[in-house]
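Asker: I'll drop the sequence and a predicted model, then ask my questions.
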Amino acid sequence: MPDDAAAARAAAEEESAFSHAPVDPDATVAYGDHPDQVIDFYAPRPGPDSGALAPLVVVLHGGAWRAPYDRRHITPFADYLARRGFAVANVEYRRGGAGDDTADGTPSAGRWPDTFDDVAAALDALPALVREALPQADPRRTVLTGHSAGGHLALWAAARHVLPADAAWRTDGPAPLRGVVALAPIADFEVAEKLDVCGHASLQLLGGPDGFALRRPYADPVLLLPTGIATTLVQGRADLVVPQQVAESYAEAAAKAGEVAGLTLLEDVGHFPLIDPAADACAVVAEEIAQLAW
């Protein structure tokens, strides 16, 4: 259990991250018929000089794949990136739970296969949608980022070309990405379950004990290596939500697979400063994205 000081710091960090007013996008476009199948677009501010196009950052929000946490909480982060000159696509997707589907009344995490269907569909639709809704963006310079459960989805989306051959989401080749910056990602389900990350959210995402072993090869980023896509993980050492052991396990697995996954560990940083525009850690995240994008 965390000590009182660590718990108090984590609570203060969460309060700061959620204290910012949501920022409305410049455009919202559907990629499917469900109300959650939408993407918010933020134009770069200021726009690129001399008519140049801006790199595109695709954001996948966290929240343990649970319904109460939607893309609105990460809109200040999307706006922050836009104010640093990036074009931004903030993706919504179907999440789990209506508030009554676990024993203690909390929402279940994710929907199988809907959550994965949506992320795959959104990424497949994105190039055409960007051309229409965000002409300032250069889809040839796309970086995929996500926080927590969204970090998992970012790593997964970049690994669709190495999914099992019978996976509906498998692509013929790697996604045209400059790279992935995964923020405190739930990147190894086995380690996450040992640590009870987000109330066994990854177990729920895969449908419980019966589905966990069967579905992990289709869903767990640590089993989808190497990807051949530049990948950086940013992790707070003081993270009590998704402890650094999860990111370290992914980085170690990547190395064993012959791939280097960068791991940036931030001292005295917890889970939420990575997406908090008021925190120094958020500037580190933006720089990691810029190193891949520009």
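Answerer: Great, that's in hand. Numbering: from 1, shown residues only.

Asker: In this structure residue 253 contacts residue 225, no?
Answerer: Yes - using Cβ atoms under 8 Å, residue 253 is in contact with residue 225, at 5.7 Å. C-beta: built from backbone N, CA, C; applies to glycine.

Asker: Can you show me the strands along the stretch 101-250 of the chain?
Answerer: For the stretch 101-250 of the chain, the strands defined by DSSP state E, counting those that start in this stretch cover 137-147, 179-183, 231-236.

Asker: What strands line up against the second one, and which way round?
Answerer: Put plainly, it is strand 179-183. Using DSSP bridges, strand 179-183 pairs in its sheet with strand 137-147 (parallel), strand 231-236 (parallel).

Asker: for the ones you listed, which one sits closest to residue 196?
Answerer: For residue 196, the closest of the strands paired with strand 179-183 is strand 231-236, at 17.9 Å, according to Cβ to Cβ.

Asker: that older thread, in a markdown table, list the strands of the stretch 101-250 of the chain along with mean neighbour count and mean pLDDT.
Answerer: Formatted as a markdown table, the strands of the stretch 101-250 of the chain follow (neighbours: other Cβ atoms under 10 Å; pLDDT from 0 to 100):
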| stretch | mean neighbour count | mean pLDDT |
| --- | --- | --- |
| strand 137-147 | 24 | 97 |
| strand 179-183 | 29 | 98 |
| strand 231-236 | 27 | 98 |
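
Asker: Rebuild these as JSON lines, extending it with distance to residue 217.
Answerer: Putting those into JSON lines (distance: least, Cβ to Cβ, whole Å) gives the following:
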{"stretch": "strand 137-147", "distance to residue 217": "21"}
{"stretch": "strand 179-183", "distance to residue 217": "19"}
{"stretch": "strand 231-236", "distance to residue 217": "19"}
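
Asker: Between those strands, which one is closest to residue 55.
Answerer: Residue 55 sits nearest to strand 137-147 of all those, at 4.1 Å, using Cβ to Cβ.

Asker: just so I know, which of the strands paired with strand 179-183 lies nearest residue 72?
Answerer: Relative to residue 72, the nearest member of the strands paired with strand 179-183 by Cβ to Cβ is strand 137-147, separated by 13.5 Å.

Asker: Alpha carbons only: can I get that closest one in PDB?
Answerer: Extracted in PDB, the C-alpha atoms of strand 137-147 (Å, rounded to 0.1, in the frame of the first residue of the first chain):
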ATOM      1  CA  ALA A 137      -2.200  18.000 -41.100                       C
ATOM      2  CA  ASP A 138       0.400  15.900 -42.800                       C
ATOM      3  CA  PRO A 139      -0.700  12.300 -42.400                       C
ATOM      4  CA  ARG A 140       2.700  11.100 -43.600                       C
ATOM      5  CA  ARG A 141       4.100  12.400 -40.300                       C
ATOM      6  CA  THR A 142       1.700  10.700 -37.800                       C
ATOM      7  CA  VAL A 143       2.600   9.800 -34.300                       C
ATOM      8  CA  LEU A 144       0.200   7.700 -32.200                       C
ATOM      9  CA  THR A 145       0.000   8.500 -28.500                       C
ATOM     10  CA  GLY A 146      -2.200   7.300 -25.700                       C
ATOM     11  CA  HIS A 147      -2.500   7.400 -21.900                       C
END
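
Asker: For the nearest residue to residue 87 once chain neighbours are set aside, list the residues it contacts.
Answerer: The shortest distance from residue 87 to any non-neighbouring residue, by Cβ to Cβ, 6 or more residues apart in numbering, is to residue 137 (3.4 Å). Each residue near residue 137 by Cβ atoms under 8 Å, 6 or more residues apart in numbering is listed here: 44, 53-56, 87, 89, 130.

Asker: Okay, and which of the residues you listed map to helices?
Answerer: The helices, defined by DSSP state H, take in residue 130 from the contacts of residue 137.

Asker: Determine which two of the contacts of residue 137 are furthest apart.
Answerer: The most widely separated members of the contacts of residue 137, counting by Cβ to Cβ, are 53 and 89 (13.9 Å).

Asker: neighbour-wise, which of the two wins?
Answerer: Neighbours were counted for residue 53 and for residue 89 using other Cβ atoms under 10 Å; residue 89 has more, 29 against 17.

Asker: With adjacent residues omitted, what lies nearest to that one?
Answerer: Once flanking residues are discounted, residue 89 sits nearest to residue 58: 4.8 Å by Cβ to Cβ, 6+ apart.

Asker: how many neighbours does the one you found have?
Answerer: Counted with other Cβ under 10 Å, residues neighbouring residue 58 total 25.

Asker: Thought residue 125 was touching it, still the case?
Answerer: No - with contact defined as Cβ under 8 Å, residue 58 does not reach residue 125; the gap is 11.6 Å.

Asker: Right, I'll call it a day here.
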